[in-house]
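J.: Coordinates only, no sequence provided:
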């Protein structure tokens, strides 16, 4: 695999991670607002909190992997 292809894959992966982060935060904020309005029980709110935390941990792991891969390609 050439260096250009590797950079393209890392860039694509970075865009995916950024979309997951942005989407997670928007979804989480929406659920917080809508959940209060419809009277969602606290256990369901906690479930959505844990789902958001899991998505953000996944994103953090991927950011670290992208960072390490870029360090490896730069020398």
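T.: Everything's here; your move. As the structure is a computational prediction, the values presented were derived from the model and not from experiment. Numbering: from 1, shown residues only.
J.: hmm, who's touching stretch 35-49?
T.: By CB atoms under 8 Å, 6 or more residues apart in numbering, the list of residues contacting stretch 35-49 from outside reads 28, 31-32, 34. Quick note: C-beta positions are derived from backbone N, CA and C, even for glycine.
J.: Would you mind listing the buried residues in it?
T.: The neighbour-count check on stretch 35-49 (16 or more other CB atoms under 10 Å) flags residue 48 as buried.
J.: Endpoints of it, how far apart?
T.: Separation of the first and last residues of stretch 35-49 by CA to CA, to the nearest Å is 12 Å.
J.: Show me what the mean pLDDT comes to for it.
T.: Model confidence over stretch 35-49 averages 92 on the pLDDT scale.
J.: what separates that stretch from the chain centre, distance-wise?
T.: Its chain's average C-alpha position is 21 Å from that of stretch 35-49, according to CA atoms, centre = their mean, to the nearest Å.
J.: same deal with stretch 6-16?
T.: Mean-position distance between stretch 6-16 and its chain equals 14 Å (CA atoms, centre = their mean).
J.: returning to what we had before: among the contacts of stretch 35-49, who's most crowded?
T.: residue 31 (18 neighbours; other CB atoms under 10 Å).
J.: Would you mind listing the residues in contact with it?
T.: With the criterion set at CB under 8 Å, 6+ apart, residue 31 makes contact with 40, 45, 48.
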